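Undergrad: Predicted model and sequence below, questions to follow.
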Amino acid sequence: MSIQIQRGKAITVDRRTRKTPMGQGLLRGLGVIWKHWSASFQKNDSYKKIQGTFTIEYPEERRQLPEAYRNMPILLYDEQSGHEFCTSCFQCERICPPQVIHMTQAKDPATGKPVPAVESFEIEYDACMSCGLCAEVCPFEAIKMDHTFELSTHDHPSLTVDKTALNRPTTYYAQIAPRMWEEVKENAYKKLAANMKRRSDLIGIAPQMQEQLREQLARAPQAEPAPEAVASASTTADDKAARLAAIRAANAAKRANSENGQAAQGDATQSADDKAARLAAIRAANAAKRAAQQAQASEAPETAPSESASPADDKAARLAAIRAANAAKRAAQQAQASEAPETAASESTSPADEKAARLAAIRAANAAKRAAAAAEKGQEE
Amino acid sequence: MRDLIDGLLNTTLGLGAPDWLVSLISYVAIVTIIFLVAPFQMLFFTMYERRAIARMQDRIGPNRVGPEGAFQPIADGVKMFTKEDIVPAGADRWVHLLAPCVVVAPTMLLFAVVPWGPGMVPVDLNVGLLFFVAISSISAIGIMMAGWGSNNKFALLGAMRGVAQMISYEIPAVLSLLAAVLLAGSMSLVSLVNLQAGLPFVGMLAGIDLGLGWLIFTPVGFVGAICFFIAALAEGERTPFDIPEADSEIVAGYMTEYSGMKFGLFYLAQYILNFLLCAITATVFLGGWQFPGVNWLYERAISPANPAGNGLFNVLAGVLGVFAFLLKTYLLFYVMIWLRGAFPRLRVDQLMHFGWKFLIPLSLVNILSASLWVACMQWGAEQGMGAIEGWSPWARLALAFVLTFAINLVGYIALVRIQAPTRRRPSRLTGSIAVP
Ligand code: SF4
Ligand code: SF4
């Protein structure tokens, strides 16, 4: 219902200013209110109507937000390859008016050269003014505006959000803004494909995808040496290897479980499972040992330059490593111990023992992981 | 109530209680009931108003606490009770403290004369209306105390406005009630209600009692009701006359410096006063508890006129009467909300202008019609109405009806004409300036 106005033609607007003597104006006012009152019992769902209740009872009912609605920026990653779209080009950081975006670019550990991927990415949500300029400027469609607006919290520091919390899969964005994503999708993937070639190992992989990818790698041992080979050059690679081994151990233990569950009877299969468990434990122990060595290795050059901070860390790392080794040893013993009576006699007790073995293996794996993390930390310093 | 207690103590239980004891017990019981009912009326009214005004503004209104927001007033009450009580520095502590009490007490006293149902009046004062008008003005003192004691210019301004408004609108209120008093020949609210039995327009003339012979159906009663209701709006500080607490001008008027339960008391007093004003309007002009069937039931009940009645009919007549009374009161309160939804606040000068130059003359005209009505209906040759001495009551009624209707209509039109904003003639001074 738009008003068409011809040029050069005078229009008179009826402002209903005709005289309303004898209190008719008052009555008419009451009439208007009456109309609103009586119409308010039905819902006003069309914006052409001026009467009727149009309240949306918010926590229960929610309006469909428009696609271009923007609240806080998020980062996108591709959930197939796990790669983040961001290349750390610093465009958003530069344009952000309140300067709340902070990032560091990833470096290739082998060559030390910058890689088109982001190492850490932080946005201070508390100071972000939702202007959306970062999303406008990003050439790689990596940063987009989210639709979540219920961000109130008592915890102020939690509003400084890191990459892990910022990352969203593309499916999420495609869901909240399907048409806008459709427009830029092709371009984004093209650029991502080009960038992926320059990223090695796990660089540029979304943190939430890394675990998954590693597990995939662990499950396919033939494919696994490749990253290990690349990584072996640096010390971090060793850590990774340790972690990988631990994961493998955990997986093996898991596999052992599942097989256990499947094989209801039969000593033969059980002993095989036990063997697997033992193997896992041994592998975990090895991993732990390696981690410990690394920790020591990393400690050696460190003790010289760093005084106050590193010793504690190193100690922690060593402690963790030792603990992990112990755990692994214990796990191995347990596995053996549990195996001995099992093979000899009862089937009924074995599940419990197996469980213990499994537990031990997992604990060992965890310990190894922790040790590795500690070692890494120590190295960073 | 007194009869009931008397019967229970002396007849049924045979205790032979002395007269004063019966009176004491019965009035304590009545007061207890009223003091229980009054705050609940207030709670209900706050909820009612908020929901109704929300509907008028295309909203839903408070509906989160309890089913459909039914416990919202209770939540508000809890909030009021738990809030800090702040007394401003430099305030007159005692006056500040006493003001809410002085405002609340008279409103509670007013319940004494309100007839809730047939035979259900705390005290049937023969000057009931006078009592009502006199006591309701006492709260003006409380308002002035609040404004003065707060040591705040907004509070003082609000209080002065409030007192000025209350005093000005007391006059049209009393004058329009006077018309009803003329018709009833009594100031007792009970006799006013009893007068309004029968059929619409003709009262008891037809001999059929449907309890619909309300005063509002006569020209005198109609104008009187409207005048009184408008004056009641001003006394109850309802929009469009909420000048004493005009939020957009003087914060909250005399309540500015009040918080917590002291503020709650003002709030309570205001809503109870509104309830009472609606109740009095309903009683005087809308027949109070008069409703088809109430009189029929009451004739068969135990009453001073009919001691041999059936107690069951007492209950039935009481329930129906109270129902009718509350229905009318709530409908009138709905009108108050409706007016609040429709009209903006008046300016102080407009308020005075409207009260003194329009409402008072109109109620004076109404008194003239009321007198003529009484003359036509009741006077004979001795009073100088020999001309219509021999007429049938129907003819006299018709004459009274036509006469009062004409007088009121002419009075209204004349007043509106006088008050109408005269179109300003272009002044010679401004007219000569050529506007490009
Ligand atoms: S939305 Fe605006 S303020 Fe917020 S991070 Fe992006 S550019 Fe900075
Ligand atoms: S989010 Fe976009 S603009 Fe910001 S650094 Fe990454 S690729 Fe560049």
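TA: That came through fine. Ligands and ions are numbered 1, 2, ... in the order given.
Undergrad: per-domain residue ranges of the chain.
TA: Since you didn't name a chain, this refers to chain A. A:73-219, A:268-299+A:309-380 (automatic domain parsing).
Undergrad: oops, I was thinking of chain B
TA: Annotated domains of chain B cover B:1-75, B:83-362 [automatic domain parsing].
Undergrad: For A:Glu215, which of those domains is the nearest?
TA: For the domains of chain B, proximity to A:Glu215 was assessed by C-beta to C-beta; domain B:1-75 is nearest, at 47.3 Å. Where C-beta positions appear, they are placed from N, C-alpha and C, glycine not excepted.
Undergrad: Mind checking if stretch A:163-182 is in reach of ligand 1?
TA: No: figure legend: stretch A:163-182 not in contact with ligand 1 (C-beta under 6 Å from any ligand atom); closest approach 10.4 Å.
Undergrad: which stretch in the domains of chain A has the least confidence?
TA: Per-stretch mean pLDDT for those is lowest at domain A:268-299+A:309-380 (a mean of 55).
Undergrad: Can you tell me which residues in chain A are near chain B?
TA: Proximity of chain A to chain B (C-beta under 8 Å from any C-beta of the partner chain) is limited to residues A:21-23, A:26, A:29-30, A:32-34, A:36-37, A:39-41, A:44, A:51-55, A:57.
Undergrad: Throw the domains of chain B into CSV and include distance to B:Asn408, mean pLDDT and mean neighbour count, thanks.
TA: As requested, the domains of chain B are exported to CSV (distance: least, C-beta to C-beta, whole Å; pLDDT from 0 to 100; neighbours: other C-beta atoms under 10 Å in any protein chain shown):
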stretch, distance to B:Asn408, mean pLDDT, mean neighbour count
domain B:1-75, 30, 79, 16
domain B:83-362, 5, 82, 20
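Undergrad: Looking at those domains, spot the one closest to ligand 1.
TA: Nearest to ligand 1 among the domains of chain B is domain B:1-75; the distance by C-beta to the nearest ligand atom comes to 33.3 Å.
Undergrad: what about that closest one and chain A, any contact?
TA: Yes: Domain B:1-75 lies within reach of chain A by C-beta under 8 Å from any C-beta, at B:Ala52, B:Arg55, B:Met56, B:Gln57, B:Asp58, B:Arg59, B:Ile60.
Undergrad: quick check, distance from that domain to the centre of its chain.
TA: Centroid separation for domain B:1-75 versus its chain: 18 Å, with C-alpha atoms, centre = their mean, to the nearest Å.
Undergrad: Also stretch B:156-165?
TA: Offset of stretch B:156-165 from its chain centre (C-alpha atoms, centre = their mean): 21 Å.
Undergrad: outside of that stretch, which residues touch it?
TA: Residues outside stretch B:156-165 that contact it (C-beta atoms under 8 Å, 6 or more residues apart in numbering or on different chains) are B:140, B:143-144, B:146-148, B:150, B:234-235, B:237, B:241, B:243-246, B:250-256, B:348, B:351-352, B:355.
Undergrad: do stretch B:250-258 as well
TA: B:86-88, B:91, B:96, B:99-100, B:143-144, B:146-147, B:150-152, B:154-159, B:161-162, B:244-246, B:263, B:266.
Undergrad: For the helix or strand in which B:Pro106 is found, name the packing helices and strands.
TA: Following DSSP states H and E, one finds B:Pro106 within helix B:93-110. For helix B:93-110, the packing partners by 3 or more C-beta pairs under 8 Å, 6 or more residues apart in numbering or on different chains; DSSP states H and E come out as helix B:19-56, helix B:128-136, helix B:138-149, helix B:260-285.
Undergrad: give the contact list for the residue lying closest to B:Leu346 once chain neighbours are set aside.
TA: Counting by C-beta to C-beta, 6 or more residues apart in numbering or on different chains, B:Leu346 lies nearest to B:Pro240, which is 5.2 Å off, once chain neighbours are set aside. By C-beta under 8 Å, 6+ apart, the residues touching B:Pro240 are B:Leu233, B:Leu339, B:Arg340, B:Phe343, B:Pro344, B:Arg345, B:Leu346.
Undergrad: Dead centre of chain B: give me the residue that sits there.
TA: B:Leu277 (1.8 Å; C-alpha atoms, centre = their mean).
Undergrad: ok now do that residue, which residues does it touch?
TA: B:Ala232, B:Glu235, B:Gly236.
Undergrad: so where do the strands sit in chain A?
TA: Listed in chain order, the strands of chain A (DSSP state E) span A:73-77, A:101-107, A:114-124, A:143-145, A:160-161, A:167-169.
Undergrad: residues from the stretch 301-436 of chain B in reach of chain A?
TA: Counting by C-beta under 8 Å from any C-beta, the stretch 301-436 of chain B comes close to chain A at B:Trp338, B:Leu339, B:Gly341, B:Ala342, B:Phe343, B:Tyr412, B:Ile413, B:Val416, B:Ala420.
Undergrad: Just the ones in helices from these, please.
TA: In this view, these that belong to helices under DSSP state H are B:Trp338, B:Leu339, B:Gly341, B:Ala342, B:Tyr412, B:Ile413, B:Val416.
Undergrad: Against B:Phe229, how distant is the last one?
TA: I take that to be B:Val416. Counting by C-beta to C-beta, to the nearest Å, the gap between B:Val416 and B:Phe229 amounts to 18 Å.
Undergrad: and what of the fourth one?
TA: Using C-beta to C-beta, B:Ala342 is found at 14 Å from B:Phe229.
Undergrad: What about the contacts of stretch B:156-165, which are in helices?
TA: Per DSSP H, the subset of those in helices is B:Ala140, B:Ile143, B:Met144, B:Ala146, B:Gly147, B:Trp148, B:Ala234, B:Glu235, B:Ile250, B:Val348, B:Leu351, B:Met352.
Undergrad: does the nearest residue to the fifth one once chain neighbours are set aside count as helix, strand or coil?
TA: In space, and not counting its chain neighbours, B:Gly147 is closest to B:Ala159: 2.2 Å by C-beta to C-beta, 6+ apart. For B:Ala159, the secondary-structure state derived from DSSP: H, G, I helix; E, B strand; the rest coil is helix.
Undergrad: Quick check: the gap between B:Ala159 and B:Gly185.
TA: The gap separating B:Ala159 from B:Gly185 is 39 Å, by C-beta to C-beta.
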